[in-house]
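Okay, sequence plus prediction incoming.
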Amino acid sequence: MKKINVGFLVSYDYELLKKAIPFVYKDADHIYLAIDKDLKTWKGNTFEINEDFFKWIETIDTDRKIIIYRDEFYVEGYTTMECEVRERMLLSEKMGLNDWCVQLDADEYFVDFKAFTDYLKHQESLLKSNAKPVQIAAFLYNMFKKVDDGYLLVEEPTRVLVTTNQPNYRVGRKAKQQIIYTRHVVLHECLSRTEEELELKLKNWGHDTQVNTEFLNKWKTVNSKNYQDMQDFFYIEPEKWKKLIFIEGKNISELKENLMKQNDVLPTKLFVFGKNFGQWFKFLFK
């Protein structure tokens with residue numbers, strides 16, 4: 001049986017891995033943490049990792065699954081996106097191209113990872129050398145902001161490409177390949193941070209040149225009382241995130257439980273079938 005390896009990109013927000021890794025630890029065969037050897041972001045800025053983090057890794061890694069992968073991921077003269085794509089390609093090669101390689105960010109929390117790994121185990125034919133290139137997607141709930149009594153999330157989930165049988169990334173985790181949609185959920189602590197942490201992210205991530213000027217002020221002012229009176233929250237093209245929803249929860253675990261109690265969290269089977277049929281037809285002759 002093929003292995004299921006999980007790879008995380010590690011940077012200035014490494015502390016979030018203390019939440020992300022436990023979501024996948026039990027059901028992953030190996031977990032790779034990709035860290036720039038000079039501790040540089042894709043922007044070329046330097047960050048630090050407290051030694052206590054590595055002590056935490058040793059403590060929780062009871063099955064010795066976690067592998068630290070250090071390499072030169074910042075390249076002078078490359079854009080942040082070019083550095084990201086390069087790092088993802090190198091990480092895929094390190095994890096091994098003959099197994100399932102799930103790539104996640106430190107701020108992505110996979111809900112019911114066991115169900116997803118069970119799904120992958122039934123798709124091993126896609127790992128054969130003559131298989132058609134495909135990407136497998138889950139549905140991502142973007143966490144917009146932590147408020148006193150819970151979280152504000154973007155109402156409509158978006159797709160997130162979590163694995164591929166042939167990594168050939170063009171932008172982030174995207175490749176020009178057929179997408180297979182699944183009914184699985186990932187929580188994304190994308191913007192649900194302190195103001196200082198958010199500003200640091202905006203300066204160093206792969207979308208740094210695309211952020212619209214109105215975004216940060218809207219993020220600062222929205223709360224659990226006024227979110228229904230506001231709209232258009234996306235950081236690049238605002239109208240792509242039309243509305244927010246409020247979910248109670250003191251922490252990520254409570255948020256996950258309360259979100260999954262909602263009736264319409266998962267896309268319907270008919271919706272997923274339609275998306276997959278469209279992708280199959282689009283790539284039928286490619």
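On my side now, so go ahead.

what ranges do the helices span in the stretch 51-200 of the chain?
With helices called from DSSP state H, counting those that start in this stretch, the stretch 51-200 of the chain shows them at 51-60, 80-95, 113-121, 195-204.

Need these in CSV (columns: mean neighbour count).
To be clear about C-beta, it is placed using only N, CA and C from the backbone, and glycine gets the same treatment. As requested, those are exported to CSV (neighbours: other CB atoms under 10 Å):
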stretch, mean neighbour count
helix 51-60, 12
helix 80-95, 19
helix 113-121, 17
helix 195-204, 15
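
which stretch among the ones you listed comes nearest residue 107?
helix 195-204 (8.8 Å; CB to CB).

on contacts alone, who are the packing partners of that closest one?
In this structure, helix 195-204 packs against helix 215-221, with contacts taken as 3 or more CB pairs under 8 Å, 6 or more residues apart in numbering; DSSP states H and E.

got TSV for the helices of the stretch 51-200 of the chain, with distance to residue 43 and mean pLDDT too?
Compiled in TSV, the helices of the stretch 51-200 of the chain are given as follows (distance: least, CB to CB, whole Å; pLDDT from 0 to 100):
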stretch	distance to residue 43	mean pLDDT
helix 51-60	21	97
helix 80-95	6	95
helix 113-121	31	96
helix 195-204	5	78
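
Kindly reformat these as JSON lines containing distance to residue 24.
Output for the helices of the stretch 51-200 of the chain, formatted as JSON lines (distance: least, CB to CB, whole Å):
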{"stretch": "helix 51-60", "distance to residue 24": "12"}
{"stretch": "helix 80-95", "distance to residue 24": "13"}
{"stretch": "helix 113-121", "distance to residue 24": "5"}
{"stretch": "helix 195-204", "distance to residue 24": "22"}
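
Which one of those helices lies nearest to residue 8?
Comparing these by CB to CB, helix 80-95 comes nearest, at 8.8 Å.

Just the C-alphas of the closest one, formatted as CSV.
Taking C-alpha atoms only, helix 80-95 is exported to CSV below (Å, rounded to 0.1, in the frame of the first residue of the first chain):
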residue,chain,number,x,y,z
THR,A,80,7.6,35.5,-3.7
MET,A,81,5.4,33.3,-5.9
GLU,A,82,8.3,31.9,-7.8
CYS,A,83,10.0,31.0,-4.5
GLU,A,84,6.8,29.4,-3.3
VAL,A,85,6.4,27.2,-6.4
ARG,A,86,10.0,26.2,-6.2
GLU,A,87,9.8,25.2,-2.6
ARG,A,88,6.6,23.1,-3.2
MET,A,89,8.4,21.3,-6.0
LEU,A,90,11.4,20.5,-3.9
LEU,A,91,9.2,19.4,-1.0
SER,A,92,7.3,17.0,-3.3
GLU,A,93,10.6,15.5,-4.5
LYS,A,94,11.8,15.1,-1.0
MET,A,95,8.6,13.4,0.1
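
Could you check how far residue 132 is from residue 171?
Noted for residue 132: a distance of 21 Å to residue 171, by CB to CB, to the nearest Å.

If you could redo that for residue 136, that was the one I meant.
From residue 136 to residue 171 the distance is 17 Å (CB to CB).

of the two, who's got more company?
When neighbours are counted by other CB atoms under 10 Å, residue 136 and residue 171 differ, and residue 136 comes out ahead with 22 against 12.

Okay, and the beta partners of the more buried one?
Beta bridges link residue 136 to residue 163, residue 180, judged by DSSP bridges.

mind checking pLDDT for it?
pLDDT recorded at residue 136 is 97.

Tell me the secondary structure at residue 19.
Using DSSP: H, G, I helix; E, B strand; the rest coil, the structure places residue 19 in helix.

What about the nearest residue to it once chain neighbours are set aside, how many residues nearby?
Of all residues not flanking residue 19 in the chain, residue 252 sits nearest, at 5.4 Å (CB to CB, 6 or more residues apart in numbering). Neighbour count for residue 252, taken as other CB under 10 Å: 20.

What of residue 243?
If we define neighbours as other CB under 10 Å, then residue 243 has 13 of them.

Can you get me a residue count around the nearest residue to it once chain neighbours are set aside?
Excluding its sequence neighbours, the residue lying closest to residue 243 (CB to CB, 6+ apart) is residue 155, at 4.4 Å. Residue 155: 14 surrounding residues under other CB under 10 Å.

what's near enough to touch residue 155?
Applying CB atoms under 8 Å, 6 or more residues apart in numbering to residue 155 gives the contacts 242, 243, 244, 245.

so which of those residues is the most crowded?
Most surrounded of the contacts of residue 155: other CB under 10 Å gives residue 244, at 20 neighbours.
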